[in-house]
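[1] Let me see the structure of the following:
(2 chains)
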Amino acid sequence: MLERFTSEARAAVVGAQQEARRLGAERIGTEYLLLGLLEQDGPAAAVLTGHGLTRDAVAAAIVAHTGGDELDAEALSTLGIDLDAVRSTVEEVFGPGALGARPRPKRGHIPFTPRAKKVLELSLREALAMGSRTISDGHIALGLLREGHGLAMKVLHDRGIDPQALRTELRAALGS
Amino acid sequence: MADTAQVASAASSRDPAVGLKAVRALRALVDRLEALQVENARDEGWTWEQIAQLLGVTRQAVHKKYAGGRGPLRRRD
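    Reported below is the predicted structural model:
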């Protein structure tokens, strides 16, 4: 499938990987695909930006939504839970670092979430449905909307963006 | 740590911000522990069915959550 991607689409996927790494994510979810799309210059990004979706706004939303994954020793202590004690118990059994510090993302490979993979699959379907032999970044955006869930859609929803309107505009921008 | 706990509970146990943050932190901790235990169980050759039963969830739920992951978790039954 990847061989059908236009250079913009590839750049968006690579951008998603870079953003995920930069923000310390363990997996590349739909929200990082959205970020990757916003970094492109083409008509699809223009449509998204036209709805007030900027890279910084989306990145901030991601941090707000996923920040809770950090283990918060102070918050746990208010429940009488000693995170250090939990950590040492777990490490006794499973070895040092078992509980994390989230494992630092490896340099090379951060896996896509199943949902993000689904989005990429759907981008192929969107391209085929529009009679396109190649998959552009705009088709990935349509794939995101088609999949319809995940953090990317939550970001859209939180910003009051109508997915249907966005879909229509994207299709128009893609020239069908 | 104990001091922190006492101070925090005494000062603001009715403060929703404290309570909600605690719930969120606890959930994050539970998620970590669950992932660790599921991974270990898979390493030990447990089936998704066995794991799900002890976690009190459906086999599909635990499979969906963890089977797409890295390393040993990727194995299928």
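
[2] For the helix or strand bottoming out on mean pLDDT in chain A, output the C-alpha coordinates as PDB.
    Within chain A, no helix or strand scores below helix A:55-66, which has a mean of 79 by mean pLDDT, DSSP states H and E. C-alpha atoms of helix A:55-66 as PDB (Å, rounded to 0.1, in the frame of the first residue of the first chain):
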ATOM      1  CA  ARG A  55      -0.100  22.200  14.600                       C
ATOM      2  CA  ASP A  56       0.400  23.900  17.900                       C
ATOM      3  CA  ALA A  57      -3.300  23.700  18.900                       C
ATOM      4  CA  VAL A  58      -3.400  20.000  18.100                       C
ATOM      5  CA  ALA A  59      -0.100  19.300  19.900                       C
ATOM      6  CA  ALA A  60      -1.500  21.100  23.000                       C
ATOM      7  CA  ALA A  61      -4.700  19.100  22.800                       C
ATOM      8  CA  ILE A  62      -2.700  15.900  22.600                       C
ATOM      9  CA  VAL A  63      -0.600  16.700  25.600                       C
ATOM     10  CA  ALA A  64      -3.800  17.700  27.500                       C
ATOM     11  CA  HIS A  65      -5.400  14.400  26.700                       C
ATOM     12  CA  THR A  66      -2.500  12.100  27.200                       C
END
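
[3] Pull the contacting residues for A:Asp137.
    A:6, A:8-9, A:11-12, A:37, A:40, A:42, A:44-45 (C-beta atoms under 8 Å, 6 or more residues apart in numbering or on different chains). Every residue, glycine included, has its C-beta placed from N, CA and C.

[4] how far is the least confident helix or strand of chain A from where the chain is centred?
    Counting by C-alpha atoms, centre = their mean, to the nearest Å, helix A:55-66 is centred 10 Å from the centre of its parent chain.

[5] list the contacts for the residue in chain B that chain A sits nearest to?
    Chain B approaches chain A most closely through B:Ala25 (3.7 Å), counting by C-beta to the nearest C-beta. Contact analysis of B:Ala25 by C-beta under 8 Å, 6+ apart lists A:68, A:71-72, A:75-76.

[6] average pLDDT across the one helix or strand B:Gln37 maps to?
    Per DSSP states H and E, B:Gln37 falls inside helix B:16-43. Computed over helix B:16-43, the mean pLDDT rounds to 88.

[7] Give me the helices and strands touching the least confident helix or strand of chain A, please.
    Helices and strands touching helix A:55-66, by 3 or more C-beta pairs under 8 Å, 6 or more residues apart in numbering or on different chains; DSSP states H and E, are helix A:30-38, helix A:150-158.

[8] Would you mind listing what in chain A touches chain B?
    A:68-84, A:86, A:90, A:94, A:98-100, A:111, A:113-114 (C-beta under 8 Å from any C-beta of the partner chain).
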